[in-house]
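# I'd like to go over a predicted model; first the sequence, then the structure.
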Amino acid sequence: MASLPDIEKGGRDGKEGSEVPLLEKKDDSNRLYMVFLSSAIAVCGSFAFGSTVGYSSPAQSPIMEELGLSYSQYSIFGSILTIGAMIGALTCGTIADAIGRKGAMRLSSMICTAGLMAIYVAKGPNMLYLGRFLSGYSVGILSYVIPVFVGEITPNKLRGAIGSSNQLFIVAGLSTSYVVGAFAGWRTLALCGLAPCVLLFFGLFLIPESPRWLAMSGQEKEFEAALRILRGPQADISEEADLIKENVISLRLLPKVTVMHLFDKANIRAVIISVGLMAFQQLVGINGIVYYSNYIFQSAGFNPTVGSILFAVMQVIVTAGTAILIDRTGRRPLLLMSASGLLLGSLLIAMSFFLKAHELATHLVPHLAIIGVLVYIAFFSIGMGAGPWLIMSEVFTLHIKGLGGGLVTFMNWFGSWLVSYTFNFLMLWSSSGTFFLYASMCLLAIIFIFKMIPETKGRTLEEIHASLRSN
């Protein structure tokens, strides 16, 4: 039987152990077909995530006008999604371990549907808050379970590219909300978000459950069937199945994981890396721009409809390009480039509001604002969007992934709530000061990435874990 060190180093004979993607030996099209299909269905949830998050920006003015909401009430509506997401984050690991990765995604699709329907029928703020809260709870679960599911079925050499499809579909959903919201009413926009939820719910019937979860839950027949579907009907899965089962048995002998296990010396660096990246992903101000981009454009004197469309197109193009580059360039260089670009974008936006406040070069104000927002969102999409989620899925070992992933997801949504709730108040205090504050966070993020983040490109998960322990 393999011990824990054997598992983390790669199991028997130096081969990959329980953390190694299941599909590693051949690149035949039959094997990749089911990986791509399973990933494509899973990221329908990412699309629902993005469209739900992006809803509040184009819907702000029409909802406030029709229902008579104040800025304070709309700030609650915009930020209550993150309250639901934080609660979802606290329960996501337990849910995904108890009912499976597919079960967690299916449950989330139903909750998200209920939330969108509540928004659609809302006649006042209370129903809006309820719908937004339910939508947030669902995306809190999805933001954890989708990267985990995709990572567990993806080969090492494609883990970055396929893992980045999660962020690609998030921004595709967000961009769709911006574009549709520029022409459709806020109730119609809520209905449009139902489509990816329906596709996810029914699509999950077409793909296998994560073989690792099946093995961990003791479903041996289902485990072998899922592994064969992913490997292809003609593949010999006996050796790999035996290795996975042996490693799972060893993991079951470990003591039950508690919060304190996250802070022992074997795991603490993975926690610091994941929590730090997630905190900076939000504290640089991304959700202030995502949730209230129309408000930024209006305040700077730029056409908000044109700005939202440019914003949406830029996100999708750059994120798609990043999915191609991330397994070639590496995670760390893209993160450093991304944080540097965020610093530049924040400074450009801050300068536009500074010039407007002091009535200097007013003809440059809208141009600086739109250039700053586009630079910001382009560089966020390059690294800080997908990178923290991908690295989180790589640095945690299987036996602490549920607890560690829940903690990291909670931190992400707490930061999202903090930024989204305070953004309007900060803008009322000082528009330029808000973005100078975000610029300072970008500078701290650059320092953190440079000092703390290892390169994980092309390395097995066991190699990553061993490197973190040695450092």
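Received the coordinates, thanks. All values reported here derive from a predicted model rather than from experimental measurement.
# flag the shaky bits of the stretch 101-250 of the chain, pLDDT-wise.
155-156, 159, 235, 237, 240, 244, 247-248, 250 (pLDDT under 70).
# now swap in the stretch 351-471 of the chain and tell me
398, 458-462, 465, 469-471.
# mind listing the helices for it?
Taking DSSP state H, counting those that start in this stretch, the helices of the stretch 351-471 of the chain run over residues 365-379, 387-395, 398-429, 431-452, 461-470.
# counting contacts, what elements does the longest helix along the chain pack onto?
Counting by DSSP state H, the longest helix found in the chain is helix 71-121. If contacts are counted by 3 or more Cβ pairs under 8 Å, 6 or more residues apart in numbering; DSSP states H and E, helix 71-121 sits against helix 44-54, helix 56-67, helix 125-152, helix 186-192, helix 194-203, helix 211-216, helix 286-300, helix 398-429. C-beta coordinates here come from the backbone N, C-alpha and C atoms, glycine included.
# can we see that at 6 Å?
helix 125-152, helix 186-192, helix 194-203, helix 398-429 (3 or more Cβ pairs under 6 Å, 6 or more residues apart in numbering; DSSP states H and E).
# what angle do that helix and helix 44-54 make?
Between helix 71-121 and helix 44-54, the angle comes out at 140 degrees (axes from the mean of the first three to the mean of the last three Cα atoms, to 10 degrees).
# how close does the residue nearest the centre of the chain sit to residue 413?
The centroid of the chain falls nearest to residue 143 when counting by Cα atoms, centre = their mean (5.0 Å). From residue 143 across to residue 413, the span is 8 Å (Cβ to Cβ, to the nearest Å).
# same check on residue 433?
Distance, residue 433 to residue 413, using Cβ to Cβ: 25 Å.
# ok, now residue 399?
When residue 399 is compared with residue 413 (using Cβ to Cβ), they lie 24 Å apart.
# contacts for stretch 110-129?
48, 73, 77, 80, 130-131, 134-135, 137-138, 187, 190-191, 193-194, 197 (Cβ atoms under 6 Å, 6 or more residues apart in numbering).
# could you pick out the buried ones from these?
Buried subset of those (neighbour count, 16 or more other Cβ atoms under 10 Å): 48, 73, 77, 80, 130-131, 134-135, 137-138, 190, 193-194, 197.
# mind telling me the two of the residues you listed farthest from one another?
Farthest-apart pair in the buried ones among the contacts of stretch 110-129 is 73 and 197; separation 26.4 Å (Cβ to Cβ).
# circling back: quick one, which of the helices of the stretch 351-471 of the chain is nearest to residue 351?
Comparing the helices of the stretch 351-471 of the chain by Cβ to Cβ, helix 365-379 comes nearest, at 5.8 Å.
# how much does that closest one deviate in direction from helix 431-452?
Using the same axes, to 10 degrees: helix 365-379 against helix 431-452 is 20 degrees.
# CA atoms only: put helix 365-379 into PDB for me.
Output in PDB follows, covering the C-alpha atoms of helix 365-379 (Å, rounded to 0.1, in the frame of the first residue of the first chain):
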ATOM      1  CA  VAL A 365     -11.300  63.000 -19.800                       C
ATOM      2  CA  PRO A 366     -13.600  60.600 -21.600                       C
ATOM      3  CA  HIS A 367     -10.700  59.200 -23.800                       C
ATOM      4  CA  LEU A 368      -8.500  58.600 -20.700                       C
ATOM      5  CA  ALA A 369     -11.500  56.800 -19.000                       C
ATOM      6  CA  ILE A 370     -12.300  54.500 -21.800                       C
ATOM      7  CA  ILE A 371      -8.600  53.700 -22.500                       C
ATOM      8  CA  GLY A 372      -8.000  53.100 -18.800                       C
ATOM      9  CA  VAL A 373     -11.000  50.700 -18.500                       C
ATOM     10  CA  LEU A 374     -10.100  48.800 -21.600                       C
ATOM     11  CA  VAL A 375      -6.400  48.500 -20.600                       C
ATOM     12  CA  TYR A 376      -7.600  47.400 -17.100                       C
ATOM     13  CA  ILE A 377     -10.000  44.700 -18.300                       C
ATOM     14  CA  ALA A 378      -7.500  43.500 -21.000                       C
ATOM     15  CA  PHE A 379      -4.700  42.900 -18.500                       C
END
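# burial count for residue 328?
10 (other Cβ atoms under 10 Å).
# with residue 217 instead?
Residue 217 has 17 nearby residues by other Cβ under 10 Å.
# please apply the same query to residue 249.
13.
# please, which helix or strand holds it?
Using DSSP states H and E, the element containing residue 249 is helix 238-252.
# let me know the next secondary structure element after that helix.
helix 268-283.
# and the contacts of that following helix?
262, 384, 388, 392, 395-396, 408, 411-412, 415-416, 419, 441, 445, 448, 452, 468.
# neighbour count: residue 399 and residue 413, which is higher?
Taking neighbours as other Cβ under 10 Å, residue 399 and residue 413 compare with residue 413 leading, 26 against 22.
# tell me the most buried of the helices of the stretch 351-471 of the chain?
With neighbours defined as mean count of other Cβ atoms under 10 Å, those peak in mean count at helix 387-395, which reaches a mean of 26.
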